[in-house]
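Trainee: just to be clear, the model below is a prediction. Sequence and coordinates:
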There are 2 protein chains.
Amino acid sequence: MQEPLIAPDHRTADEDDSVRRQERSEVTKQRILDASERLFASKSFASVSLREIAKAASVGVATVNYHLGSKDDLLKAVFLRRATELNRERVALLSKSEQSSNGSAIPLRQIMRALLLPGIRWSFDQGQRGLFIQFMIRCQLDPSSPLYELFYRDVRHLQRFVPHLKRTLPELDEADIHWRLHFTLGALHYTITDLNRLDQVSNGLCNTSSMDETVERIVTSSEAAFRAGPFGAC
Amino acid sequence: MQEPLIAPDHRTADEDDSVRRQERSEVTKQRILDASERLFASKSFASVSLREIAKAASVGVATVNYHLGSKDDLLKAVFLRRATELNRERVALLSKSEQSSNGSAIPLRQIMRALLLPGIRWSFDQGQRGLFIQFMIRCQLDPSSPLYELFYRDVRHLQRFVPHLKRTLPELDEADIHWRLHFTLGALHYTITDLNRLDQVSNGLCNTSSMDETVERIVTSSEAAFRAGPFGAC
DNA sequence: GTCTATAATATGATAGAC
DNA sequence: GTCTATCATATTATAGAC
């Protein structure tokens, strides 16, 4: 796993060979993960076969097993390769806003943007990130996926948003905030996985191809939902 | 398929037998559909096997095929048994509001309730309806399900809401309305399929066991999102 | 490391007895 | 109508050659 600590100029010809082979191996592994990500994004976990994956990655079936173990392990590897990255982006945006507000409450719009922008941005990515985020959200709703439980543990980064929302909206209690956070995430997930349906329902009236417009629209909508005063008072 | 038009008292003993057998057959078919609904609600389409279904319905594998045909046909039958019912409920609530408002615009809260109440109500149903709505939403997001395309055609009942929203909120243009309808449906779907996650994230702080509270909260939140003024103007 | 070949098992669908 | 038995096929996983 670890690169040997010997300086390159002290390597023998055999050692050089070994390093080159390791690099080639890593490339193959990533190619398998890429192919898996692509397939899992467009089909449910159970309906993708290892043979399909092997074919898409241009390797033999055994190579998949060699690098990534069982099918369940493969799925976890696909997930783990990028999962934390998204949450890190969210929290990074939140921290940046925290710093620039110099000790006073973060404006609601900035909190919403930190929560929503990374997911939307990834979903508009034409490359692997766009595929990944679809795969990720689909797995969350697929109870037959081995990741299902994993998601339920991954809630800490969301909880980081709560104290900031409380401070910015002191008239809301914590339950209010959690409920609206939930509805906001619903809008986000539906937007990421099913923007085509909006196209369909609206007969192409909505411009779903602009990332900036999509972000501004969902941020505006979510902000308004949060501003709706405490629950009992209406 | 059709019940014979002969009056019961003119039936021979053989005909009575035939009718009884038909009824028993229908019961078996419904039992298979119930079992399928239950399994598809908790696992993805591809990961449920016909053998599991047969076992759950206490029939042989061949009986499933006899009554429902192929696996794809079975899924469609499970779907069709209840699919239109939900949309009918929505449109019925909308029509009722239309009548009671006597020619003037329907209050926004009533429109939201017509859109959201049936789905939430079904999801709180302890029986088969609660299972069905989970199955339905999951299939919508599962591109390997044979129903995937079907959903994209099923948009007319949603479009019925648009003119009413336009009339109630004349400051919004049609694109605004479609976008917010989209976000509202996202919140709804996420609430139906993943209310447990809210429990988890909020550490049990939110009372997710009350249907009335859930409805009022999502209606309040969606109403506020629709009231957020036209998109360009903020 | 990567392949081909194969083992062990599971699946959807159907034939045929009752 | 419903069952058991079976077909043809597909699957995951692994053994063994190179």
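Mentor: Perfect, thanks for sending it.

Trainee: buried ones in the lowest-mean-pLDDT helix or strand in chain A?
Mentor: Among the helices and strands of chain A, helix A:148-153 carries the lowest confidence by mean pLDDT, DSSP states H and E, at a mean of 75. Buried positions in helix A:148-153, judged by neighbour count with 16 or more other CB atoms under 10 Å in any protein chain shown: A:F151. Every residue, glycine included, has its C-beta placed from N, CA and C.

Trainee: I'd like the next helix or strand past that helix.
Mentor: Beyond helix A:148-153 on the C-terminal side, the first helix or strand identified by DSSP states H and E is helix A:156-159.

Trainee: what's that following helix packed up against?
Mentor: The criterion is 3 or more CB pairs under 8 Å, 6 or more residues apart in numbering or on different chains; DSSP states H and E, and the helices and strands that helix A:156-159 contacts are helix A:71-100.

Trainee: again, only this time at 10 Å
Mentor: Packed against helix A:156-159, as judged by 3 or more CB pairs under 10 Å, 6 or more residues apart in numbering or on different chains; DSSP states H and E, are the following elements: helix A:71-100, helix A:174-201, helix B:174-201.

Trainee: what angle sits between the helix or strand following the second one and helix B:211-226?
Mentor: Following the chain from helix A:174-201 toward its C-terminal end, the next helix or strand by DSSP H and E is helix A:211-226. Relative orientation of helix A:211-226 and helix B:211-226, computed by axes from the mean of the first three to the mean of the last three CA atoms, to 10 degrees: 130 degrees.

Trainee: just the CA coordinates of helix A:211-226, formatted as PDB?
Mentor: The C-alpha coordinates for helix A:211-226 follow below in PDB (Å, rounded to 0.1, in the frame of the first residue of the first chain):
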ATOM      1  CA  MET A 211     -26.800  25.800 -12.800                       C
ATOM      2  CA  ASP A 212     -26.800  29.400 -11.500                       C
ATOM      3  CA  GLU A 213     -30.500  29.800 -12.000                       C
ATOM      4  CA  THR A 214     -31.200  26.500 -10.400                       C
ATOM      5  CA  VAL A 215     -29.100  27.400  -7.300                       C
ATOM      6  CA  GLU A 216     -30.700  30.800  -7.000                       C
ATOM      7  CA  ARG A 217     -34.200  29.400  -7.300                       C
ATOM      8  CA  ILE A 218     -33.800  26.700  -4.700                       C
ATOM      9  CA  VAL A 219     -32.000  29.100  -2.400                       C
ATOM     10  CA  THR A 220     -34.800  31.700  -2.700                       C
ATOM     11  CA  SER A 221     -37.500  29.100  -2.200                       C
ATOM     12  CA  SER A 222     -35.800  27.500   0.800                       C
ATOM     13  CA  GLU A 223     -35.000  30.800   2.400                       C
ATOM     14  CA  ALA A 224     -38.600  31.800   2.200                       C
ATOM     15  CA  ALA A 225     -39.700  28.500   3.800                       C
ATOM     16  CA  PHE A 226     -37.300  29.200   6.700                       C
END
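
Trainee: and chain B, is it touching that?
Mentor: Yes - judged by CB under 10 Å from any CB of the partner chain, helix A:211-226 comes into contact with chain B through A:213-214, A:216-226.

Trainee: on that earlier part again, out of the helices and strands packed on helix A:156-159, which is closest to DNA strand D?
Mentor: Closest to DNA strand D of those, according to CB to the nearest atom of the strand: helix A:71-100, at 3.8 Å.

Trainee: and after that closest one, which helix or strand comes next?
Mentor: helix A:108-124.

Trainee: that next one packs against which elements?
Mentor: On a contact count with 3+ CB pairs under 10 Å, 6+ apart, helix A:108-124 meets helix A:71-100, helix A:128-141, helix A:161-168, helix A:174-201, helix A:211-226.

Trainee: can I get the ones you listed in TSV including mean neighbour count?
Mentor: TSV is the format used below for these (neighbours: other CB atoms under 10 Å in any protein chain shown):
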stretch	mean neighbour count
helix A:71-100	16
helix A:128-141	22
helix A:161-168	17
helix A:174-201	22
helix A:211-226	22
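
Trainee: I'd like those as CSV, with distance to DNA strand C and mean pLDDT appended.
Mentor: Shown next, in CSV, are those (distance: least, CB to the nearest atom of the strand, whole Å; pLDDT from 0 to 100):
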stretch, distance to DNA strand C, mean pLDDT
helix A:71-100, 13, 94
helix A:128-141, 20, 91
helix A:161-168, 41, 98
helix A:174-201, 25, 95
helix A:211-226, 36, 98
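
Trainee: closest one to B:L198 among the ones you listed?
Mentor: Smallest distance to B:L198 across the helices and strands packed on helix A:108-124 (CB to CB): 4.5 Å, for helix A:174-201.

Trainee: which residues touch the closest residue to A:I106 other than its chain neighbours?
Mentor: For A:I106, ignoring the flanking residues on the chain, the nearest one in space by CB to CB, 6 or more residues apart in numbering or on different chains is A:S97 at 4.8 Å. Residues near A:S97 by CB atoms under 10 Å, 6 or more residues apart in numbering or on different chains: A:I106, A:P107, A:R109, A:Q110, A:I111, A:R113, A:A114, A:H164.

Trainee: chain B: which of those residues is nearest?
Mentor: Checking the contacts of A:S97 against chain B by CB to the nearest CB gives A:R109 as the nearest, at 9.4 Å.

Trainee: what is the neighbour count of that closest one?
Mentor: Under the neighbour criterion other CB atoms under 10 Å in any protein chain shown, A:R109 is assigned a count of 17.

Trainee: ok, and the closest non-adjacent residue to it?
Mentor: Excluding the flanking residues, the one nearest A:R109 by CB to CB, 6+ apart is A:E223, at 5.7 Å.

Trainee: show the contacting residues for that neighbour.
Mentor: A:P107, A:L108, A:R109, A:I111, A:M112, A:R113, A:T184, B:A224, B:A225, B:A228, B:C234.

Trainee: next, the first one: phi, psi?
Mentor: Note on A:P107: its backbone torsions stand at phi -60, psi 140 [degrees, to the nearest 10].

Trainee: so what are the domain limits for chain A?
Mentor: A:14-69, A:82-234 (automatic domain parsing).
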